[in-house]
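Asker: Sequence first, predicted model second:
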Amino acid sequence: MKVSKVLRQAKAVIATPDKWCKDFLEIHGRHCFFGALNMAHHGQHVWTTEAFALGEKIAAMIALPRRAGISDITAVVDFNNAQTTTHEDIMNLFDRAIAIAEQEENPRISDAEYTRQFIESVSTVKTQEVATAK
């Protein structure tokens with residue numbers, strides 16, 4: 001499954017403030033950022049090795065500022081659990097992660113490559129038109 005799809009599903013898990021929490025992967029049916037990610041990934045709030053690797057990738061992608069010596073994943077946990085972090089902040093974090101994932105999944109080709117492909121497609125059409133006209 002594409003990372004962007006997992007992120008969209010995770011965002012849906014905590015789409016409203018009453019479904020989001022701090023300090024726990026899950027408590028009373030509410031989930032933190034990574035608890036929601038785990039639910040979207042494999043249907044449980046607990047970590048699996050594969051889900052943790054995905055979490056590390058996503059945390060590195062969004063690259064939150066962090067203190068020296070802590071991991072990217074800890075930076076996201078700290079952000080989720082910070083007293084000043086709001087549900088809206090977490091939704092914005094998901095939006096940022098989704099945009100980055102989609103960009104990685106669908107890289108924009110260079111202008112030179114686009115031009116090459118366009119010229120190639122026009123040449124193919126012209127060749128077909130000439131063949132049809134004969």
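Answerer: It's in. Numbering: from 1, shown residues only.

Asker: any idea how far the helix or strand hosting G35 is from the chain center?
Answerer: Using DSSP states H and E, G35 sits within helix 33-42. Chain-centre distance of helix 33-42: 12 Å, with CA atoms, centre = their mean, to the nearest Å.

Asker: List the buried residues for that helix?
Answerer: By 16 or more other CB atoms under 10 Å, the buried positions in helix 33-42 come out as 33-41. Placement of C-beta: from N, CA and C, glycine included.

Asker: Mind picking the one among those residues that's closest to L64?
Answerer: Proximity of these to L64, judged by CB to CB, is greatest for F33, which lies at 10.8 Å.

Asker: for the closest one, what are its contacts?
Answerer: Going by CB atoms under 8 Å, 6 or more residues apart in numbering, F33 touches 10, 14, 76-77, 79-80, 90, 93-94.

Asker: For Q117, see how far away it is.
Answerer: F33 sits 39 Å away from Q117, going by CB to CB, to the nearest Å.

Asker: List the contacts of the nearest residue to L54 once chain neighbours are set aside.
Answerer: Nearest non-adjacent residue to L54, counting by CB to CB, 6 or more residues apart in numbering: H41, 6.2 Å away. Residues near H41 by CB under 8 Å, 6+ apart: 1, 6, 10, 48, 50-51, 54.

Asker: what's the answer for L54, then?
Answerer: 3, 6, 37, 41 are the contacts of L54 under CB under 8 Å, 6+ apart.

Asker: Apply 10 Å and report the result again.
Answerer: L54 is in contact with 1, 3, 6-7, 34, 37-38, 40-42, 48, counting by CB atoms under 10 Å, 6 or more residues apart in numbering.

Asker: now A36
Answerer: Residues in contact with A36 (CB under 10 Å, 6+ apart) are 6-7, 9-15, 19-21, 25-26, 30, 45, 80, 90, 94.

Asker: what's the answer for F34, then?
Answerer: If you count contacts by CB under 10 Å, 6+ apart, F34 has them with 10, 25-26, 41, 45, 47, 51-52, 54-55, 58-59, 73, 76-77, 80.
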